[in-house]
Every structure is written in C-alpha cells, then in structure tokens.
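Engineer: compute the structure for the input listed below.
(4 chains)
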Number of protein chains: 2
Amino acid sequence: MSPTIIRELKQKKPFPSKAEEAAVTLLRTADVIRRFIGTVIEPHGITSQQYNVLRILRGAGERGLPTLEIAERMIESTPGITRLIDRLETKKLVSRERCLTDRRQVFCRITAPGLALLSALDAPMVEAADTALSVLKKTELASLIDLLDRTRAHSNQQFIERRSPQ
Amino acid sequence: MSPTIIRELKQKKPFPSKAEEAAVTLLRTADVIRRFIGTVIEPHGITSQQYNVLRILRGAGERGLPTLEIAERMIESTPGITRLIDRLETKKLVSRERCLTDRRQVFCRITAPGLALLSALDAPMVEAADTALSVLKKTELASLIDLLDRTRAHSNQQFIERRSPQ
DNA sequence: AGAAGATACTTGACTAATCAACTAATGATC
DNA sequence: GATCATTAGTTGATTAGTCAAGTATCTTCT
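Structural biologist: Below you'll find the predicted structure:
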C-alpha cells in the first residue's frame, strides 16, 4: 500500500504503469547496492568492475580466459574490456599472453598478488551482501532471486531481438 | 531449483551465500534493464541520466528545481550533476537561472524542446518497461517491488551508517 | 556588526566509459 | 589456394564520471 519509490524521489504523480515503477525501483535499488559494495572494494585500490574481472579470472583457474570471454561473463557488460584489463595489468594483478594455437586470442590470468587481494576481500564481501540483504527472510531471498532471474531472462531476450531484428 | 545466474556467468562453484547470489542477480538484472531502456532513449540524442534529469524537471513544473535537489532525486546518484546539466543546457533542453532570494542556488527548468523530447519518449518508455517486465504476473510485480523497496531502505541505511560511523 | 560555520554549487585534474574504425588471424567457399 | 567473411582484440577521438579543492552566499552566534 506504500508507493515507497514515489515518496523517495519526491514524485508528485504515481507511475502510470506498475512495470515502469518496478523498473525504476530495480534500477535505484541496484544503485544503492552497487555503492554499498563499492565502499568495501574501492578502499583496496580497485574499482568494482576490476574486482569483477579478478573474480572471473580466479574462477577460470590456471589456464585463464581470452579477453572477450571475460567481457561476456561480467555482471555489468562493458565494451572497454581491453583497457579495463590494461589497468589491472599495470597494477600487476593480471598477466596476459597471446594464445599459440589461435594467435588472435589473448589469454588473461590472475597473478599471485591478484589472488591475495581477492582473498582479503572474500569475507568482507560476503558480509556486505549479507548486511545489505539481511532484511529479507530466506524464502523472500529465494523469491527475489527467482523474480529477477525470470525478468532478466525475458528482457535480455527482448533486448537481443530489438537490437538485431530479422 | 535452477541457479540461473551461475550458469549465465559460467561459474564453476555455487555462491557461498544466498545473499551474495541475490546481490549479483540484482546487479546483473538491473544492467540488462538499463541497457534495454538505453536503446529507447539514446537514439534521441540524450543519455539515460540526462533523461532522468528531464523527467525530474518536468515533474517539478514551472518553478524548476535547484541543482542539488535534482541530484538527490536521481535514480542513480551522481556527483557530476553540474556538468550533466551543463550538457542539457548546451542542447537547449533546460535553462538555468540564479535564485534571487538565495543567490547560492541555481534553479533549473525544462524548456519547451525538452518537454517535446520527453513527450516523444513517454509511450516508448512505458512500452519498454512493460515489455521488459511482462513475464511477471501482476501479483509478482507487486511482490518484486515490495522486496526491492525493503532491500533498498535497509541497505541504504547500512550504507549511511558505514560512511559516517558515530 | 563581525566571525565562524554551513550551503550550494563550480572548477580543475584525473580516470574511466563509449563508439567507431582498424589490424591481424582464422575459417569457409569456390 | 586466393577471396570473402568472421572473429578477437586494439586504438583513437570524444564524452562522461569522480574526487578534491575553491568561491560565493547565507545563517548563526556572540
């Protein structure tokens, strides 16, 4: 019964559509979470995006991953993946090597300092997420995840169709 | 029963905490929605952030709003509000005027071309949001909004406490 | 009234994101 | 096996975002 987002953004009129209200609510909530998580990551000298890349590379293990494969796995997609990784390489947190079997590809690997940095962030990150979402009960958390998963699957499909209509 | 986000990001291991999974899911879903909405707005020559400012100013009416008041109402907060509005002024979509009673403040108002641009976007925006969220039933939409509202309220509080601990 | 503090921006310097070419390597086809 | 298309990544130019410091104005408190 309480149109929270309307009060929060000091809107005079209610949203014409519930879907639009949900979209605005989703974007604003994500922004709050993003900034909250940022306060955990950024004091360690890397951005959230760089953290994301390191996590992906840790998950990928010894072999590493080709550059664009990393881009595809990022939480927030970015066309600037090359320079993002340039900065991580400058900080000695990742290393790069051209692939021998397919010389177009460049494999990226996380370094020991990179792994150490991630280790230091593991506990604080879990704690931050727990804190941010601790208002929700277990079942609510599960239902939030489910609603978001379905929304994402569907709107991603719409996004793809809109960009490349056949 | 399906850990969608794990498959999607090609993670090998499940998330150690449900809260972390929810946070990642939330951020990624917001990113998809943001890009989807971007495809509607950006062909009109403005960014999503600029669109957000115009919407706020349309809602504010004749009197307009002081610069920092706009920043507070934005969906995604930005410290670069001055230059964001500079760009809108250059495009003649907003006008600015120093307040006479408090000469520190600068009131921003949306111009006629700004209003026209918004009008052109109203229907497509509602449609985009509807499309993006059309997988969810009415009750699910309401419950998503509720879960997000509560999450945001709580984590925003945590964010504030963490930044300025007394 | 004059000083101290708070507000409301603004600016400068720097970093990062975006888009559109561009190169190099590979694969597919005739 | 030359040609065309595709893939993988890079680079350049432009735009946008971030953080710290600065200026002007107002408020409060002696």
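Engineer: contacts, neighbours, all on C-alpha from now
Structural biologist: Fine.
Engineer: quick one: the residue positioned nearest the centre of chain A from B:Glu161, how far?
Structural biologist: In chain A, the centroid-proximal residue (Cα atoms, centre = their mean) is A:Ile75; its distance is 2.9 Å. A:Ile75 sits 26 Å away from B:Glu161, going by Cα to Cα, to the nearest Å.
Engineer: model confidence score at the nearest residue to A:Thr29 once chain neighbours are set aside, please.
Structural biologist: Closest residue to A:Thr29 apart from its sequence neighbours, by Cα to Cα, 6 or more residues apart in numbering or on different chains: B:Arg152 at 5.1 Å. B:Arg152 carries a pLDDT value of 93.
Engineer: can I assume B:Arg152 sits in a helix?
Structural biologist: Yes: checked against DSSP: H, G, I helix; E, B strand; the rest coil, B:Arg152 lies within a helix.
Engineer: so it sits against A:Val32, correct?
Structural biologist: Yes: using Cα atoms under 8 Å, B:Arg152 is in contact with A:Val32, at 6.6 Å.
Engineer: list the buried residues for stretch A:66-85?
Structural biologist: Going by neighbour count (16 or more other Cα atoms under 10 Å in any protein chain shown), the buried part of stretch A:66-85 is A:66-67, A:70-77, A:81, A:84-85.
Engineer: show me what from chain A comes close to DNA strand D.
Structural biologist: Proximity of chain A to DNA strand D, by Cα under 7 Å from any atom of the strand, involves residues A:Pro66, A:Thr67, A:Leu68, A:Glu69, A:Gly80, A:Thr82, A:Arg83, A:Arg104, A:Gln105, A:Val106, A:Phe107.
Engineer: hey, where'd the strands end up in chain A?
Structural biologist: A:65-66, A:94-98, A:106-110 (DSSP state E).
Engineer: give me the pLDDT value at A:Lys10.
Structural biologist: Listed pLDDT for A:Lys10 reads 68.
Engineer: then A:Leu147?
Structural biologist: Listed pLDDT for A:Leu147 reads 97.
Engineer: residue contacts, it?
Structural biologist: A:Leu147 makes contacts with B:Leu136, B:Glu140, B:Leu144, as judged by Cα atoms under 8 Å, 6 or more residues apart in numbering or on different chains.
Engineer: next step: those restricted to helices.
Structural biologist: B:Glu140, B:Leu144 (DSSP state H).
Engineer: counting neighbours, which of the contacts of A:Leu147 comes out on top?
Structural biologist: B:Leu144 (22 neighbours; other Cα atoms under 10 Å in any protein chain shown).
Engineer: shaky segments in chain A?
Structural biologist: In the predicted model of chain A, residues A:1-3, A:9-12, A:163-166 satisfy pLDDT under 70.
Engineer: residue ranges of the helices in it, please?
Structural biologist: Using DSSP H, helices in chain A cover A:4-8, A:18-41, A:48-60, A:67-73, A:81-90, A:112-133, A:138-163.
Engineer: residues near A:Ile41, how many?
Structural biologist: A:Ile41: 20 neighbours (other Cα under 10 Å).
Engineer: just to revisit the earlier point, got JSON lines for the helices of chain A, with distance to DNA strand C too?
Structural biologist: Formatted as JSON lines, these follow (distance: least, Cα to the nearest atom of the strand, whole Å):
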{"stretch": "helix A:4-8", "distance to DNA strand C": "17"}
{"stretch": "helix A:18-41", "distance to DNA strand C": "12"}
{"stretch": "helix A:48-60", "distance to DNA strand C": "6"}
{"stretch": "helix A:67-73", "distance to DNA strand C": "11"}
{"stretch": "helix A:81-90", "distance to DNA strand C": "5"}
{"stretch": "helix A:112-133", "distance to DNA strand C": "16"}
{"stretch": "helix A:138-163", "distance to DNA strand C": "12"}
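Engineer: before we move on, the earlier item: return the member of the contacts of A:Leu147 nearest to B:Lys91.
Structural biologist: B:Leu144 (36.9 Å; Cα to Cα).
Engineer: with that, I have no additional questions.
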